[in-house]
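S.K.: Task: produce atomic coordinates for the following.
(2 chains)
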Amino acid sequence: MHAARPSPRKTLLALSLAFIASAASAQTATETELARKLDQLAAELAAVKAQLAQIQKERAAQPAAAPAVAAAPAAPAATSSAAPSQPATVLTSYGEINYNRPTRASENAQADVRRFVLGYQHRFDAKTKVVTELEVEHAVSSADDPGEVEVEQAYVEHQFTPTWAARAGLFLIPAGLLNENHEPTSFYGVERNFVETAIIPSTWREGGVQIVGAFDNGLTVQGGITTSFDLTKWDATSTEGRESPLGSIHQEMALAKARDLAVFGAVNWRGVPGLLLGGSLFTGNATHGQATTQSRVTLWDLHARWTPGRWDLSSVYSRGTISNTAALNATLVGNPTLIPKSFDGWYVQGAYKAWSHEDYALSPFVRWEQFNTARSFDDLGPGLTPEAARTERVVTVGANFQVTPQIVVKADYQRFRENKDLNRVNLGLGWSF
Amino acid sequence: MSIQRWLGGAVSAMALGVLGACGGGGGDAASSASLPTQQTMSAQAQLGERIFSDPSLSASGRQACASCHVETSGHAPDNDLSVQLGGPLLDQQGKRSAPSINYLSFDTAFFFAPDGTPTGGFFWDGRAASLQDQAAQPLLAANEMANPSKADVVDKLSHAAYAEQFKQVFGADIFSRPDDAFDRLTLALQAYQREDTGFRGFTSKYDEFLRGNVTLSDQEMRGLALFNNPAKGNCQACHPSAKAADGSFPLFTDFSYDNLGVPRNTALMQNNDAGFYDLGLCERTDLPNRPDLCGAFKVPSLRNVAIRHVYFHNGRFKTLKDVVTFYVQRDTNPEKWYPLNPDGSVKKFDDLPVQYHANVNTAEVPYNRQPGDTPALTDAEVDDVIAFLQTLTDGFRR
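M.R.: Alright, predicted model coming up:
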């Protein structure tokens, strides 16, 4: 048990948020930069005015109201409002093709069609649509091949009022910055960051019902009841649980045990243009009456993203806890991977659009992240209690090169403090539409 | 009430309801793997029970299945002979030790897993595809129940006290069809072994521990930890000890095969012939040309291991202390287990021809050591593991 003391990561996060807040009021830009920004704003305003005129024309033609929800989009559908009428069915897709080369163990170099995703959104009427996504991982999926095919999303959304909508089905949990917006064009670096894969198990989806409220002041609230994790799946003999505790026990609504359900809530505020602040909480029992004790899994996060001018700054902190792990671990003593009591991680990331010309844009970035997938264990007795894992620190330096807004080429170098054999150079191609 | 407030209220009510349900449900006991304690077996199984204990079905008239598979010893022999005696005069040595036949209803026919691992099958070499298949062989083996033919067995069956019952279940004319009658006999034995909870009780202290009803002692917990630790005992690599995600309780065997290089047992008369070797899996006629499987024998379940009297396919060891110590000191102190050559060197793996010594498992913990290395378990740790193994005996009473 560690005493509460100001830990370095929390101090750093507080400092980052303070920096963002203070910088917001102390802009220093040259006159030409100001003029350029004014031109950009004027152009964007003209475009928005045109879109508004279009929407008002459509609304006049159809009596039913169909406002777009300002909630985080599940998939970047190609809903271009410049078209006179929307197709009822829209195909969506994204893909990631990655190359990894460990610098100290080049025999482990690997090239992989990491993800190939096809989805569709079908609009039944102005208020109702269905959103689906099917994913193939690692190119070939069969009994003898490493790939997997999975349904990532399958939900129906209905807009009850301009503010409130509901979703039912299999949907993404609004946690962190990456989970709901996980397309390769929306994050920096070839691989998704560790905080949002090892701690928040992106791409994390649960089945259930969700209410989404999008307010005019920029606030979006989401909440719902969904399936939960399954702790009886924990495999103490494998390393899966050490790589990602929740990733090893998520059910993905595949014959999911559903005696225990979970509730979640998320709040995101986009009141100031270019600034996003938010947080989420997910909690649910996870033993479904099939273990000797009840145990609750809780995961929460705080996140911020600020995009002033050419900068793109973001930060996420997330922490998960599991209750009653002593009772669950009692029958697993001696195995290499017992159930941790807590796990957490955080990162800060800065990207800068250094060069752009028409659609092309080059954005170098740096990301500093620290995470621990077994921060603490419940006491099991002398000689039986596992040691806490060492906190891993990863620094990623690289760049995203945008070929078009929907195609990105990425390269980066990642350096690990603990597991130095994982130091690697990554190259990636991604698209999303 | 505005729709926002209604929705908000509904969500909170649902959330409270769910949380209340989750929180107030109480800790249910784990789903037990055991079947109803009081059960009626089918007619076939009841016949099987009588056949199982009937010594008249042997050439000697004194040997039934139950003679070697004694319930109080985990359905294994209750004497400490390395191999049991059979034949018409009960003086013929068997080839291999009589194993426990508990928990075999979970076994399958032999197959090669996708990664090539031999798995399943009945007998030490997996040659029988089912309990029914297995039951037939001791009845007809010359050094076991020694019946000359199936017809002979059926003839004895037709004079048994339960012959009428047999005819009622399988047909009045069944004895006029000896081959069919023999098949029904073995089918009844299979049904008995599958249905009688005495063959898969899951009533050990460890099962109660898995159900959360009892705690293990400090020594037993240490033993469990050493059993599971891949760097110490690493026993669970072949003898899994954890509940599965579907709630099924561990069987302490993965039904695979391993070659441990068990020392030759001079108590077996077949070993008086220096050129004789029991090669196990590769001797099967249906597995031709698999020299890599020579010396491999089935991984038995460790349930009830503490009440068995002999261990390994050749009954070479009689105590758990010897067995567990052999595992960790086979390679660090080979002179303790194998005879010496005339030149003083250790004749390691003396129960295998030299060309098959490479098949012996020397890669996995704990048998990945060299002479002079520290064994994976100290003497006290061996005792801890044995204390844990003793929790696997069925019939635990708190």
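S.K.: Now name the helix or strand holding B:Arg194.
M.R.: helix B:178-195 (DSSP states H and E).
S.K.: Over to A:Thr396?
M.R.: Using DSSP H and E, the element containing A:Thr396 is strand A:392-404.
S.K.: and that strand, what's its mean pLDDT?
M.R.: Strand A:392-404 comes out with an average pLDDT of 97.
S.K.: try stretch A:159-171
M.R.: 98.
S.K.: Can I take it that A:Val136 is in a helix?
M.R.: No - according to DSSP: H, G, I helix; E, B strand; the rest coil, the state of A:Val136 is strand, so it is not within a helix.
S.K.: distance of it from chain B?
M.R.: Distance from A:Val136 to chain B, counting by Cβ to the nearest Cβ, to the nearest Å: 21 Å. From N, CA and C alone the C-beta is placed, and that goes for glycine too.
S.K.: Look up how far chain A lies from B:Lys156.
M.R.: 48 Å.
S.K.: Correct me if wrong: that residue contacts B:Ala59.
M.R.: No - in this structure B:Lys156 lies outside contact range of B:Ala59 using Cβ atoms under 8 Å: 9.3 Å.
S.K.: Identify all contacting residues around stretch A:236-250.
M.R.: Residues outside stretch A:236-250 that contact it (Cβ atoms under 8 Å, 6 or more residues apart in numbering or on different chains): A:197-201, A:204, A:229-231, A:233-235, A:286, A:297, A:299, A:320, A:322, A:332, A:335-340, A:343, A:373-374, A:389, B:228, B:230, B:236, B:242.
S.K.: Which parts of it count as buried, going by neighbours?
M.R.: A:Ala236, A:Thr237, A:Gly241, A:Arg242, A:Ser244, A:Pro245, A:Leu246, A:Gly247, A:Ser248, A:Ile249, A:His250 (16 or more other Cβ atoms under 10 Å in any protein chain shown).
S.K.: what about the first one, helix or strand, and which?
M.R.: When secondary structure is defined by DSSP H and E, A:Ala236 falls outside every helix and strand.
S.K.: With adjacent residues omitted, what lies nearest to it?
M.R.: For A:Ala236, ignoring the flanking residues on the chain, the nearest one in space by Cβ to Cβ, 6 or more residues apart in numbering or on different chains is A:Asn335 at 3.5 Å.
S.K.: my guess is the one you found contacts B:Ala237, does it?
M.R.: No - using Cβ under 8 Å, A:Asn335 is not in contact with B:Ala237; the gap is 11.0 Å.
S.K.: For those two, list the residues in contact with both.
M.R.: Joint contacts of A:Asn335 and B:Ala237 (Cβ under 8 Å, 6+ apart) are B:Pro230.
S.K.: Can you pull out the low-pLDDT segments for chain B?
M.R.: B:1-39 (pLDDT under 70).
S.K.: could you measure the residue lying closest to B:Thr72 once chain neighbours are set aside against A:Val409, distance?
M.R.: With sequence-adjacent residues excluded and distances taken as Cβ to Cβ, 6+ apart, B:Thr72 is closest to B:Asp78, at 6.4 Å. B:Asp78 sits 74 Å away from A:Val409, taking Cβ to Cβ, to the nearest Å as the criterion.
S.K.: mind listing the helices in the chain by residue range?
M.R.: All of this is about chain A. Ranges of helices within chain A are A:8-24, A:31-61, A:240-243, A:325-330, based on DSSP state H.
S.K.: Chain B was what I was after
M.R.: Using DSSP H, helices in chain B cover B:3-24, B:43-52, B:65-68, B:131-140, B:150-158, B:163-170, B:178-195, B:205-210, B:218-228, B:320-329, B:379-389.
S.K.: Format the ones you listed as TSV; extra columns: mean neighbour count.
M.R.: Shown next, in TSV, are the helices of chain B (neighbours: other Cβ atoms under 10 Å in any protein chain shown):
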stretch	mean neighbour count
helix B:3-24	13
helix B:43-52	21
helix B:65-68	22
helix B:131-140	20
helix B:150-158	19
helix B:163-170	16
helix B:178-195	21
helix B:205-210	23
helix B:218-228	23
helix B:320-329	20
helix B:379-389	20
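S.K.: where are the low-confidence patches of chain A?
M.R.: A:1-30, A:61-86.
S.K.: so who does A:Gly147 touch?
M.R.: A:Val136, A:Glu137, A:His138, A:Ala139, A:Val140, A:Ser141 are the contacts of A:Gly147 under Cβ under 8 Å, 6+ apart.
S.K.: ok, now which ones touch the fifth one?
M.R.: By Cβ under 8 Å, 6+ apart, A:Val140 lies in contact with A:Pro146, A:Gly147.
S.K.: Give me the neighbour count for the closest residue to chain B within the stretch 101-250 of chain A.
M.R.: Ranked by Cβ to the nearest Cβ, the top residue of the stretch 101-250 of chain A for proximity to chain B is A:Lys233, at 4.6 Å. Number of residues near A:Lys233 (other Cβ atoms under 10 Å in any protein chain shown) recorded here: 17.
S.K.: Distance check, the residue lying closest to it once chain neighbours are set aside against A:Ser323.
M.R.: Nearest residue to A:Lys233, sequence neighbours excluded (Cβ to Cβ, 6+ apart): B:Ala245, at 4.6 Å. According to Cβ to Cβ, B:Ala245 stands 20 Å off from A:Ser323.
S.K.: who has more neighbours, these two?
M.R.: Remark: of B:Ala245 and A:Ser323, A:Ser323 carries more neighbours, 18 against 15, as counted by other Cβ under 10 Å.
S.K.: who's in contact with the more buried one?
M.R.: For A:Ser323, counting by Cβ under 8 Å, 6+ apart, the contacting residues are A:Gln294, A:Ser295, A:Arg296, A:Thr298.
S.K.: Can you give me the neighbour number for the second one?
M.R.: Read it as A:Ser295. Residues near A:Ser295, counting by other Cβ under 10 Å: 21.
S.K.: Once you drop chain neighbours, what's closest to it?
M.R.: A:Asn324 is the one closest to A:Ser295 (Cβ to Cβ, 6+ apart), at 4.4 Å.
S.K.: Run a quick neighbour tally on that neighbour.
M.R.: So A:Asn324, with other Cβ under 10 Å, has 20 neighbours.
S.K.: Please apply the same query to A:Ala50.
M.R.: Counted with other Cβ under 10 Å, A:Ala50 comes out at 12.
S.K.: tell me the domain ranges of chain B?
M.R.: Listed by automatic domain parsing, the domain ranges of chain B are B:43-199, B:205-392.
S.K.: A:His182: which of the ones you listed is closest?
M.R.: Of all the domains of chain B, it is domain B:205-392 that lies closest to A:His182, at 26.9 Å by Cβ to Cβ.
S.K.: And the closest one, how far out from the chain middle?
M.R.: Domain B:205-392 has its C-alpha centroid displaced from the chain centroid by 13 Å (Cα atoms, centre = their mean, to the nearest Å).
S.K.: Stretch B:54-68 now?
M.R.: Worked out by Cα atoms, centre = their mean, stretch B:54-68 lies 22 Å from the chain centre.
S.K.: if we can go back for a sec, each with direction, which strands does the strand holding A:Thr396 pair with?
M.R.: Using DSSP bridges, the strands paired with strand A:392-404 are strand A:360-376 (antiparallel), strand A:407-416 (antiparallel).
S.K.: Export these as TSV, with columns for mean neighbour count and distance to A:Arg167.
M.R.: Putting the strands paired with strand A:392-404 into TSV (neighbours: other Cβ atoms under 10 Å in any protein chain shown; distance: least, Cβ to Cβ, whole Å) gives the following:
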stretch	mean neighbour count	distance to A:Arg167
strand A:360-376	20	29
strand A:407-416	19	28
